[in-house]
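**Q** below are the sequence and a predicted model for it; my questions follow.
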Amino acid sequence: MPDFILALKPIPFLIEPLSHDFMRRALMISTLVGAVCGLLSCYMTLKGWALMGDAVSHAVMPGVVVAYALGLPFSIGAFVFGVGSVALIGFVKQKSRVKEDTVIGLVFTGFFALGLVLVSKIKSNIDLMHILFGSPLGISNSDVNQTIVICFIVVIILTIFRRDLMLYCFDATHARSIGINTGILHYLLLSVLSLAAVAGLQTVGIILVVAMLITPGATAYLLTDRFDRMTLYAIISSILSSLLGVYISYWSDIETGGSIVLVQTVLFLLAFLFAPRYGILKLNKLN
Amino acid sequence: MEHRTKENIETTRIQADQVCVDYNGTVALYDASLKLQSSCICGLVGMNGAGKTTLFKALMGFVRPSRGRILINGSSVSNAQKDQSVAYVPQNEGVDCSFPVSVWDVVMMGRYGSMNFLRVPRESDKKAVIDSLERVELSHLKHSPIGELSGGQRKRAFLARAIAQRASVLLLDEPFTGVDIRTEKLMAELFLQLKQDGRSILISTHDLSHVRDFCDVVVLINKTVLAYGNTSEVFTTENLSMTFGGMTPEPMSGAISFNE
Ligand SMILES: Nc1ncnc2c1ncn2[C@@H]1O[C@H](COP(=O)(O)OP(=O)(O)O)[C@@H](O)[C@H]1O
Ligand SMILES: [Mg+2]
């Protein structure tokens, strides 16, 4: 087991993979996507939009398939279907007496099923496994470029509207009462969610992308009572998970998406157990 | 500032004409008319379900009146909100109290509307926050997470946020519910100070003793405005009996007794 022995030594563990072009690219893109999803995850967890994140990330599936079939950038198709699903959820909820979480579950599984059917029907070179489980190690150059552009847009929007979105998540009534258009903020956040889901599925795939959109936020939430620090911790834990995940996946030859999300889950568990104030073991009380 | 206060002395802060509000066909408020001058505290008195909160929501544009017109400082509600001339403290804040923000952050949110679009606080914003925190006596808790405050302290924090907004019209929905005597006294003094600064305050309550203590004018409502005017003139046994649906609160003590 030469791989295993190498992995025990930290320096070659970190350096050796960098000699491969695909690994440099995978690390770069996972870090970027991790940072962006980590930032957004704060808003998702605080707003209570975990289910919405799950819905949007599944609903982009048919969009990706259609875009590939038509030769369009996959992100455009994904964005259209992501926003479309959200609009549909809002519409059905308003026009019927069915409860919101039911509508969300219903719409996203419908979209996802449509995506599966399309994949099996449309003959193309789409690898279903890549969409479902991500493949940062095998990402193409055009996908890298698209993902960079998406991440850039998301970061700009979240930076400019950072305070307004925080206020919107905390107290939408107050936001309205000082003349802020909360309707626009609502759709802005949903659009950003769709974009981030598209970026996230590059690294961990559709099925696990919701983890990228909530777990770092949840971890950070256990560590602090300040919003600014929460965003910082979420970004750090998310980047750390992406890097570690990709390395572990390289060395032990396991599924990359699964490995990234598992590291995130482990970080959450650590916070859950050992967070100074909100961990169940409350270490500071023992000292 | 001096000049503005004088100029505003005779202006009408709130004008509501024949406002009707219904929720999916159920009428909650009809023909409610109201006029509030500057430097004036107005009590909004009515039973539970009389439509006090509904009136506030109509004044804030959160529910659309099916009829009638509302002007704040002579302009439409949405313009008044954009100009930061109206501040609203709802009956239940309805916020997630485990949200990771401190008392300081919450009060600073009152300043957002006057900041640039990146919401970077200026010196004047910080001053306003410090001043508001002092007024509600929460300065010592300014770094505490909002979730660690008691119910009464939280109410004061949200009141401080409204004060920090420096609006000329304050709409306070049942500010006295669930606070202790000391906070009640603090709030009452605060309202008188704000009035002295030329602001107008609309306070809903079902406790008549508050109204007598510091309200200049009173509006009695039960789905519509039953009586409106100076506190001493409006507070008659007959009016109060009408407001509270047959139960007569004693105008002087505020205690409620059955009208036989
Ligand atoms: N969102 C709503 N949907 C339907 N009916 C409502 C709603 N809000 C209030 N109402 C009804 O409107 C009436 C007035 O309520 P409200 O303004 O909250 O009274 P108050 O604040 O004086 O206790 C009540 O009968 C209440 O049931
Ligand atoms: Mg009410």
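**A** Thanks, I have it. Ligands and ions are numbered 1, 2, ... in the order given.
**Q** average pLDDT across stretch A:97-111?
**A** Regarding stretch A:97-111, the rounded mean pLDDT is 94.
**Q** quick one: contacts for residue A:258?
**A** A:133, A:204, A:208 (Cβ atoms under 8 Å, 6 or more residues apart in numbering or on different chains). The way it works is simple: take the backbone N, C-alpha and C, and place the C-beta from them, glycine included.
**Q** how many neighbours does the second one have?
**A** If I follow you right, that is residue A:204. Using other Cβ atoms under 10 Å in any protein chain shown, the number of residues around residue A:204 comes to 32.
**Q** pretty sure it is touching residue A:255, no?
**A** No. Under the criterion of Cβ atoms under 8 Å, residue A:204 makes no contact with residue A:255, lying 9.4 Å away.
**Q** overlap of the contact sets of those two?
**A** residue A:133.
**Q** save the contacts of residue A:258 as TSV, and put in secondary structure too.
**A** Shown next, in TSV, are the contacts of residue A:258 (DSSP: H, G, I helix; E, B strand; the rest coil):
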residue	secondary structure
A:133	helix
A:204	coil
A:208	helix
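**Q** now render those residues as CSV, adding distance to chain B and pLDDT.
**A** Formatted as CSV, the contacts of residue A:258 follow (distance: Cβ to the nearest Cβ, whole Å; pLDDT from 0 to 100):
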residue, distance to chain B, pLDDT
A:133, 33, 87
A:204, 26, 90
A:208, 26, 92
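**Q** centre of the chain versus stretch A:194-210, how much separation?
**A** 5 Å (Cα atoms, centre = their mean, to the nearest Å).
**Q** mind checking if the helix or strand encompassing residue B:131 is in reach of chain A?
**A** Following DSSP states H and E, one finds residue B:131 within helix B:123-135. No. Using Cβ under 8 Å from any Cβ of the partner chain, we find that helix B:123-135 stays clear of chain A, coming within 12.0 Å at best.
**Q** so the following helix or strand past that helix, near chain A or not?
**A** With elements assigned by DSSP H and E, the helix or strand that comes after helix B:123-135 is helix B:151-164. Yes. Counting by Cβ under 8 Å from any Cβ, chain A has neighbours in helix B:151-164: residue B:161.
**Q** please point out which parts of helix B:151-164 sit buried.
**A** For helix B:151-164, the neighbour count (16 or more other Cβ atoms under 10 Å in any protein chain shown) marks B:152-164 as buried.
**Q** ok, stretch B:76-89 next?
**A** B:77, B:80-81, B:83-89.
**Q** what is the nearest of those to residue A:197?
**A** residue B:81 (33.5 Å; Cβ to Cβ).
**Q** quick check: residue A:193 touching residue A:50?
**A** No. Residue A:193 is beyond contact range of residue A:50, at 11.1 Å (criterion: Cβ under 8 Å).
**Q** so between these two, which is more surrounded?
**A** residue A:193 (26 against 18).
**Q** give me the helices and strands touching the helix or strand where the more buried one lies, please.
**A** For residue A:193, the element it lies in under DSSP H and E is helix A:182-203. In terms of contacts (3 or more Cβ pairs under 8 Å, 6 or more residues apart in numbering or on different chains; DSSP states H and E), helix A:182-203 is packed against helix A:21-47, helix A:50-59, helix A:74-95, helix A:141-160, helix A:162-170, helix A:172-177, helix A:205-223, helix A:256-274.
**Q** low-confidence stretches in chain A?
**A** The model of chain A has pLDDT under 70 over residues A:1-9, A:124-125, A:283-287.
**Q** which ones are touching the residue in the stretch 151-287 of chain A that ligand 2 sits nearest to?
**A** Closest to ligand 2 within the stretch 151-287 of chain A is residue A:173: 13.8 Å, counting by Cβ to the ion. Residues counted as contacts of residue A:173 (Cβ under 8 Å, 6+ apart) are B:62, B:88, B:90, B:94.
**Q** and if we set it to 7 Å?
**A** B:90, B:94 (Cβ atoms under 7 Å, 6 or more residues apart in numbering or on different chains).
**Q** again with residue B:52
**A** Residue B:52 neighbours (Cβ under 7 Å, 6+ apart): B:44, B:46, B:173, B:204, B:221.
**Q** which non-adjacent residue is nearest it?
**A** residue B:204 (4.0 Å; Cβ to Cβ, 6 or more residues apart in numbering or on different chains).
**Q** next structured bit after whichever strand or helix holds the one you found?
**A** Using DSSP H and E, the element containing residue B:204 is strand B:200-205. Sequence-wise, the next helix or strand downstream of strand B:200-205 (DSSP H and E) is helix B:208-214.
**Q** burial count for residue A:98?
**A** Neighbours of residue A:98 (other Cβ under 10 Å): 11.
**Q** my error: substitute residue A:225 in the last question.
**A** Residue A:225, neighbours per other Cβ under 10 Å, totals 20.
**Q** with distance to ligand 2 and pLDDT added, can I get the buried residues of helix B:151-164 in JSON lines?
**A** JSON lines is the format used below for the buried residues of helix B:151-164 (distance: Cβ to the ion, whole Å; pLDDT from 0 to 100):
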{"residue": "B:152", "distance to ligand 2": "18", "pLDDT": "89"}
{"residue": "B:153", "distance to ligand 2": "22", "pLDDT": "93"}
{"residue": "B:154", "distance to ligand 2": "18", "pLDDT": "93"}
{"residue": "B:155", "distance to ligand 2": "15", "pLDDT": "93"}
{"residue": "B:156", "distance to ligand 2": "19", "pLDDT": "94"}
{"residue": "B:157", "distance to ligand 2": "20", "pLDDT": "95"}
{"residue": "B:158", "distance to ligand 2": "15", "pLDDT": "96"}
{"residue": "B:159", "distance to ligand 2": "17", "pLDDT": "96"}
{"residue": "B:160", "distance to ligand 2": "21", "pLDDT": "97"}
{"residue": "B:161", "distance to ligand 2": "19", "pLDDT": "97"}
{"residue": "B:162", "distance to ligand 2": "17", "pLDDT": "97"}
{"residue": "B:163", "distance to ligand 2": "21", "pLDDT": "96"}
{"residue": "B:164", "distance to ligand 2": "24", "pLDDT": "97"}
